[in-house]
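**Q** okay, sequence plus prediction incoming.
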Amino acid sequence: MAPLPKTDAGHSVEERQPAEEGRNAGGEQKAEGSPRRMGRPRKAPQRSDLAPREQILQVAGRLFAERGVAEVSMLEVAQAAGLRQSSLYYWFRRKELIVAEILQQVNRLPLSYARSLEAAGETADVQLWRFVRFDVQTVCGFPLEITEIHRFSERDPTAFATYWAERRALTEAVAAMVGRGMGEGRFREVDAYLCALTVLAQDESVQNWCRPEGGGRVHPLAASDPAAVGYAPEQIAELVADQTVGGLLVRPSRLAALRRKAGGAEGADRRREPTEGADRG
């Protein structure tokens, strides 16, 4: 799976949590007193330093990005990881569990970052600008189509229960940011929770054309509009942050100063140079 982007705030990628003691990755209780299992034999030798579980997630993420979740079978994941299909089922009993684990990053990274912003104690307008920039860059680097995953999650609500719980926590964190901004007199009066929902939806909308480098599939919009693929994630992220926070400010004229304070002045007003070979009309 393609790595998520690093940020200028130094925010680190949260490591995946190990499986619950005494259980395998599919959630099944191991027999008491049974020897600890180190995994199943591989079908073919693999040149990888990753443990089988991590390699499954890596190759599955790549296949999902290239072809879409619905088009990839468990057999194909097993073959790409060099495992027998029965061995794959030891780690993940069904495809939904693989997808759900990959998807955790799309909530956990921005949620952790939102909490770190709150702890830093900046004003809410600066916090929200930085959060939106970070969230958009994260989405730009995420290899799976979030809207496709949301549809896919309806097939197995139990497998995605943690994802949706963390999604709610992320929405609440953004709503709290908006609420603090209103309390500080910096944001106009809005429904904070509704605002948070729309902020996250707008951040995710960049996937309508933006894909990580080497992500495989290209959105039809980008395929039909070559100029759309010439923007860097940083440019997209800063523009969305400007639009989001600028629309909330009681005094919109403060946006330029706010952007400088948030550390985003460099390049924010810069017009994109035409991509070589792209026809901008």
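**A** Arrived safely, thanks for sending.
**Q** for the record, mean pLDDT for the host helix or strand of residue 100?
**A** For residue 100, the enclosing helix or strand under DSSP states H and E is helix 95-120. Averaging the model's pLDDT scores along helix 95-120 yields 86.
**Q** name the helices or strands packed onto the next helix or strand after that helix?
**A** As assigned by DSSP H and E, the chain's next helix or strand after helix 95-120 is helix 124-141. Packed against helix 124-141 by the contact rule (3 or more C-beta pairs under 8 Å, 6 or more residues apart in numbering; DSSP states H and E) you find helix 95-120, helix 161-183, helix 192-204, helix 233-246, helix 255-262. Using the backbone N, CA and C atoms, a C-beta is placed for each residue, glycine as well.
**Q** Serialize those helices to JSON lines and add fields for distance to residue 83.
**A** Formatted as JSON lines, the entries for these read as follows, by distance: least, C-beta to C-beta, whole Å:
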{"stretch": "helix 95-120", "distance to residue 83": "13"}
{"stretch": "helix 161-183", "distance to residue 83": "25"}
{"stretch": "helix 192-204", "distance to residue 83": "32"}
{"stretch": "helix 233-246", "distance to residue 83": "34"}
{"stretch": "helix 255-262", "distance to residue 83": "46"}
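**Q** now do the contacts for residue 110.
**A** 131, 134, 135, 138, 170 (C-beta atoms under 8 Å, 6 or more residues apart in numbering).
**Q** for the first one, give its distance to residue 242.
**A** In this structure, residue 131 and residue 242 are separated by 13 Å, where distance is defined by C-beta to C-beta, to the nearest Å.
**Q** which one's more surrounded, those two?
**A** A side-by-side neighbour count of residue 131 and residue 242, using other C-beta atoms under 10 Å, places residue 131 first with 26 against 20.
**Q** quick one: the more buried one and residue 113 touch, right?
**A** Yes - proximity of residue 131 to residue 113 meets the contact threshold set by C-beta atoms under 8 Å, at 6.6 Å.
**Q** okay, residue 15: pLDDT?
**A** Note for residue 15: predicted pLDDT of 36.
**Q** what about the nearest residue to residue 56 once chain neighbours are set aside, distance to residue 105?
**A** In space, residue 56 comes closest to residue 81 once its chain neighbours are excluded; the distance is 5.0 Å by C-beta to C-beta, 6 or more residues apart in numbering. In this view, residue 81 and residue 105 are 19 Å apart by C-beta to C-beta.
**Q** show me which of those two is the more surrounded one.
**A** In this comparison of residue 81 against residue 105, neighbours counted by other C-beta under 10 Å, the higher total goes to residue 81 at 27 against 20.
**Q** list the buried residues in stretch 222-241.
**A** Residues of stretch 222-241 classed as buried by neighbour count (16 or more other C-beta atoms under 10 Å): 222, 225, 228-231, 233-234, 236-241.
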